[in-house]
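K.L.:
model this:
(chains A and B)
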Amino acid sequence: MRRGIGGELILLGLALGFLWYGYGTSSGESAGFELYAPDEGVVRVVSWNVGVSVTDGGVALPPEAEAHVVSALGALAPTVVVLQELRDLDQLERLLDALGDEWRGVLGASYEGRRVAVLAPARALRALRGSAGDGSSLGFRLRLADELRLTGVAIHADALSSRLRNQQVGQAVELVENVDGPVLLAGDLNIDLDLDKRRDLFSDDQYLDVETYNYLAERFVDATLGTGSTAEPDRRLDYVFVSGGWCEVVAAGPWRRQRAPGMDHDPVVADLRPTAAATSR
Amino acid sequence: MITFELLKTWRSRRPHLAAGSIVFFLVLMLVGFYTYAQTETGGDAEFRYTFENQSYFNGLTFALYSFYFGFLLILPIFLIMECAAHIAGETASGTLFLLLTRPLSRAKLFAVKLGLTAMSAAGLAAGLLALSLLVGLVAVGWGALDLYPGVLQMTDRHQHLARDVALVRFALAVPFATVALMSVAGLGFLVSTWVRNPVSAAGTATALYLVMYVIAEIHFFKDLRPWLFTSYMPYWRSLFQETVDWPGLFRDASKLAGFSSLFLSLALFRLRGREER
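P.N.:
The predicted model follows:
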């Protein structure tokens, strides 16, 4: 016969208390990028794979989603945008027209029917620095202020082969190797290294991807490190790397809940404040 | 009562079985690493791995790897066996009925058995870790602890811990690992109060643990994983970062303690309500 449930209630109280503390308090995990108006002089970099793969088997940006991309970019007011998975020059021109007269862009060669593009205000975008032979990356130069010139490379590495990713990242780095000045490398690397994904179902590629990431990490600062996943399913594939010393990272991370239907990537934003040394070069 | 329970546990030879299995596990780990190193280095059998650092594999790395795998898959099974023996085993043998003929409340009996199980959990964690470190020291030798991304996914960047710092972190891992093991013990107690056959109780609890463990390992079940206690079992890994995220560590410990308390509350409710025969 039951004679009281004091012990059970104590244990239940403990359970509720522990679970409240564990689940109820802030996890400390990054909420990603929160939209705000940056100070003058901050360089806002946006990298976005705008392709559709969740609902349509994997295609470049569909025309019906262009307005959504333009709207999101308009809200961000970026300094430079690197896009992955554009269809063609016509699509780039439509995006530039919608963004405004001051915007210019360059489009990379087709890589499996998808292209990388760089968009920036005309006053900033200076020259194409070159591109990888397979169209996976595109080098560019920006003039951000009288004293500050930025050399960048936009990249979209292969989604399926870690060996190809390794080569493509190497080619992208070659485009900015030996540059005397600030360097930016941004795009979809298709590399996912995450602390909590020990049994990754795609783990055959892990070691080569680790090498590839370390190759970049030796040369650059990972501006969005620790800001969470950028793509489905719960993967961090999109990166912004900067060469050391020319800027401090003011805010960075994936800007969540900005995907058009079918998109599987968030736009990744990095706000960079050039150091006094960089602007006085 | 406590002495009696300790005596029963010792005479059951379950601690001997656990210790023997842990030694066997470590021997296999050692052989596995030696043969792996031999293959990777073309006959030059050194504990090292090649792509990041020529000499980072040492006794501390061995201890960490051994503890990691042993903790997730071996210790829970022994702990579940312990819980099954405490309640279901003594129910089946009639010992529990006999004990309750004395003026002893079921809550007190439950508390004593829970205390002993907590001691078992701490002993298993400390024993496995101490033995792993000892084997690592004797067979390989200690050094600094270097961890790289991709290896067990313990880190997303290179982590370097000096030997003494690493040893302190190993020591800290024992209480945190014990908290995690107690959630398994809670599950074991809960099943053990419902299933009167100890073999069925141990089998059912182990199966439930493994089901939740496997589901928690599928990383894109991102909405489901947070609600399974098995997702947090290896939370003590963050102790082996250069900068420990203490708030995060305590949050995960709190979740595990919450699950543990919930399971135990239900187990006690069942134990007190059921009819002994």
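
K.L.:
the stretch 51-200 of chain B: strands as residue ranges?
P.N.:
Assigned by DSSP state E, counting those that start in this stretch, the stretch 51-200 of chain B shows strands spanning B:145-147, B:159-161.

K.L.:
now do the stretch 151-281 of chain A
P.N.:
A:183-188, A:220-222, A:238-243, A:247-254, A:268-274.

K.L.:
among the strands of the stretch 51-200 of chain B, which gets the worst mean confidence?
P.N.:
Ranked by mean pLDDT, these bottom out at strand B:145-147, with a mean of 82.

K.L.:
could the strands of the stretch 51-200 of chain B be laid out in JSON lines, adding mean neighbour count and distance to A:E85?
P.N.:
Yep, even glycine has a C-beta here, placed from its N, CA and C like the rest. Converted to JSON lines, the strands of the stretch 51-200 of chain B look like this (neighbours: other Cβ atoms under 10 Å in any protein chain shown; distance: least, Cβ to Cβ, whole Å):
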{"stretch": "strand B:145-147", "mean neighbour count": "23", "distance to A:E85": "35"}
{"stretch": "strand B:159-161", "mean neighbour count": "17", "distance to A:E85": "35"}
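
K.L.:
low-confidence ranges, the stretch 101-250 of chain A, go.
P.N.:
A:127, A:129, A:146, A:194-206 (pLDDT under 70).

K.L.:
re earlier: which stretch among the strands of the stretch 151-281 of chain A is buried most, on average?
P.N.:
strand A:183-188 (a mean of 27; mean count of other Cβ atoms under 10 Å in any protein chain shown).

K.L.:
partner strands of it and their direction?
P.N.:
strand A:149-156 (parallel), strand A:238-243 (antiparallel) (DSSP bridges).

K.L.:
just the CA trace of it, in CSV.
P.N.:
C-alpha atoms of strand A:183-188 as CSV (Å, rounded to 0.1, in the frame of the first residue of the first chain):
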residue,chain,number,x,y,z
VAL,A,183,42.7,39.7,-48.5
LEU,A,184,39.2,38.3,-48.3
LEU,A,185,38.1,34.7,-49.3
ALA,A,186,34.4,34.0,-49.1
GLY,A,187,32.0,31.4,-50.4
ASP,A,188,30.6,28.0,-50.1
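
K.L.:
about what we covered before: mind checking which of the strands of the stretch 51-200 of chain B is nearest A:L83?
P.N.:
Evaluated with Cβ to Cβ, the strands of the stretch 51-200 of chain B place strand B:159-161 nearest to A:L83, the distance being 34.7 Å.

K.L.:
adjacent strands (with direction) for the closest one?
P.N.:
strand B:145-147 (antiparallel).

K.L.:
export the strands paired with strand A:183-188 to a markdown table and tack on distance to B:T35?
P.N.:
Converted to a markdown table, the strands paired with strand A:183-188 look like this (distance: least, Cβ to Cβ, whole Å):
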| stretch | distance to B:T35 |
| --- | --- |
| strand A:149-156 | 40 |
| strand A:238-243 | 37 |
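
K.L.:
nearest to B:L271, out of those strands?
P.N.:
strand A:238-243 (52.7 Å).

K.L.:
report the inter-axis angle for that closest one versus strand A:268-274.
P.N.:
If you take axes from the mean of the first three to the mean of the last three Cα atoms, to 10 degrees, strand A:238-243 sits at 20 degrees to strand A:268-274.

K.L.:
for A:L208, which residues are in contact?
P.N.:
By Cβ atoms under 8 Å, 6 or more residues apart in numbering or on different chains, the contact set of A:L208 is A:162-163, A:165-166.

K.L.:
ok, now with 6 Å
P.N.:
Counting by Cβ atoms under 6 Å, 6 or more residues apart in numbering or on different chains, A:L208 touches A:162, A:166.

K.L.:
how close does B:S132 get to B:E217?
P.N.:
22 Å (Cβ to Cβ, to the nearest Å).

K.L.:
same question for A:D271.
P.N.:
From A:D271 to B:E217 the distance is 36 Å (Cβ to Cβ).

K.L.:
what's the answer for A:S136, then?
P.N.:
In terms of Cβ to Cβ, A:S136 sits 32 Å off from B:E217.

K.L.:
comparing these two, which residue is more hemmed in?
P.N.:
Neighbour totals were compared for A:S136 and B:E217, and A:S136 leads with 27 against 17 (other Cβ atoms under 10 Å in any protein chain shown).

K.L.:
give me the neighbour count for the closest residue to the more buried one other than its chain neighbours.
P.N.:
Among residues not flanking A:S136 along the chain, A:Q168 sits closest, at 4.3 Å (Cβ to Cβ, 6 or more residues apart in numbering or on different chains). For A:Q168, the tally of surrounding residues (other Cβ under 10 Å) stands at 25.

K.L.:
B:V244 too?
P.N.:
Neighbour tally, B:V244, other Cβ under 10 Å: 13.

K.L.:
and it, that one's in a helix?
P.N.:
No: looking at B:V244 with DSSP: H, G, I helix; E, B strand; the rest coil, it is coil, so not inside a helix.

K.L.:
name the nearest residue to it, ignoring sequence neighbours.
P.N.:
Closest to B:V244 by Cβ to Cβ, 6+ apart is B:S238, at 6.1 Å.

K.L.:
cool, and B:L256?
P.N.:
Taking Cβ to Cβ, 6+ apart, and ignoring the residues beside it in sequence, B:L256 has B:S183 as its nearest neighbour in space, at 4.6 Å.

K.L.:
report the separation between that neighbour and A:F18.
P.N.:
Separation of B:S183 from A:F18 (Cβ to Cβ): 10 Å.

K.L.:
neighbour count: the two, which is higher?
P.N.:
Higher neighbour count among B:S183 and A:F18: B:S183, with 26 against 22, using other Cβ under 10 Å.
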